[in-house]
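*Asks:* I would like to see how this sequence folds:
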Amino acid sequence: MSRLSRNSREERRRHGDAKYGPGSGTDTDSHGAVGRTTVVDVDGVATAGLVGLDAMECEHLDIGHSSQRARPCELFLTFLSSLLILLTLPFSLAFCIKIVHENQRAVIFRFGRLRSLRACRPGLFLVQPCLDTYKRVDVRTRAIEIPFHEVVTADLITVGVDAVCYCRVENATRWLTSVRNPELVVQLLAQTRLKALLAHNTFPRLLAERQDISQQLQLELNAITGSWGATVERADIKDVRVPKDLQLSMAVEAEATRQARAKVIAAESERTTAIELRQAAGLLADSPAALHLRSLMALGAFAAGGHSTLLLPLSCGLPRQASGLHALLGPPEPANTTDSPML
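*Replies:* Below you'll find the predicted structure:
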């Protein structure tokens, strides 16, 4: 019997190793006693953990599930209301039928709790008088102004900014039940996040990359307002106001930059002009006839101007030409002078 029991234990151990791998199954000590072992299925534990998290999340989010649990007094009041509606037909329909417009959603409450997680869409819906209350939520895009406020940039410059964000309601139930006065909350949140963003950016980057900062602000707002049932479609920085002393220093700096740029341009033009004149002088020096023709053209231009005084350069050879012309014509004839008869 002991041999048979030992063989059966060995077979069970081999069967356990083949099924669960080495080290699994039952363990035996040196005396043949069977020890306790624990086989842990890691995938099963992970799945169970995920199922537990899903259950907790559903319990946290599914508000309407708990709202469906009606108490006896609530059931009795619901029965009386339904009976009253039936007895007063068709006059009671005027109090039961409500209308929701295209740009609205209706969230219905019964005994102060949500009757359904899904808001009523445009059209007709029914309510029970004295039991149900409803609130309409406008789902159109709304502009939320961020008032003017002062912020300090990364380079320690105090500037004033104001912005605007465009928000649209995606889930009317969450928008109505998650936050009290949601528009004010979005406004304060946008103002706070804008201060935090500008604190990590310099003033020149604020002026040059305003659109990128606005897009980053939109992403940060959507990460928070999504749980409130709203989406920020766009966020823009409207105006950036600079203090007077900073405006003066920026104006002085800009004027100095413009003057320096003008001087550089003037120096470049003078350099180009000097190079061109040098090349022209070299060409005229190689051809005296061209130089003489150029001087005659200059004299013609001066004469056309109608000037009373004309200055001639000595390098043009005009004095030599004038003396040669004087020698060719000869000396002037002496004037014929006679004495007066009175003398």
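*Asks:* in this protein, what secondary structure element scores lowest on mean pLDDT?
*Replies:* Within the chain, no helix or strand scores below helix 42-61, which has a mean of 36 by mean pLDDT, DSSP states H and E.
*Asks:* Residue ranges of each domain in this protein, please.
*Replies:* 2-58, 70-138, 142-242 (automatic domain parsing).
*Asks:* now the stretch 51-200 of the chain, which segments are flagged as low pLDDT?
*Replies:* For the stretch 51-200 of the chain, residues meeting the criterion pLDDT under 70 lie at 51-70.
*Asks:* redo that, cut-off 80
*Replies:* The model of the stretch 51-200 of the chain has pLDDT under 80 over residues 51-71, 74, 76, 78, 81-82, 92, 112, 116.
*Asks:* can you map out the helices along it?
*Replies:* Under the criterion DSSP state H, counting those that start in this stretch, the stretch 51-200 of the chain contains helices at 63-67, 72-87, 93-96, 172-177, 182-198.
*Asks:* export the domains of the chain to CSV and tack on mean neighbour count and distance to Ala285?
*Replies:* All C-beta atoms are positioned from the backbone trio N, CA, C, and that covers glycine. Formatted as CSV, these follow (neighbours: other C-beta atoms under 10 Å; distance: least, C-beta to C-beta, whole Å):
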stretch, mean neighbour count, distance to Ala285
domain 2-58, 10, 95
domain 70-138, 14, 87
domain 142-242, 16, 54
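*Asks:* now the ones you listed as JSON lines including distance to Ala251?
*Replies:* Shown next, in JSON lines, are these (distance: least, C-beta to C-beta, whole Å):
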{"stretch": "domain 2-58", "distance to Ala251": "58"}
{"stretch": "domain 70-138", "distance to Ala251": "46"}
{"stretch": "domain 142-242", "distance to Ala251": "10"}
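*Asks:* Of all those, which one comes closest to Glu253?
*Replies:* Among the domains of the chain, domain 142-242 comes nearest to Glu253, with 11.7 Å by C-beta to C-beta.
*Asks:* and the closest one, how far apart are its ends?
*Replies:* Start and end residues of domain 142-242 are separated by 29 Å (C-alpha to C-alpha, to the nearest Å).
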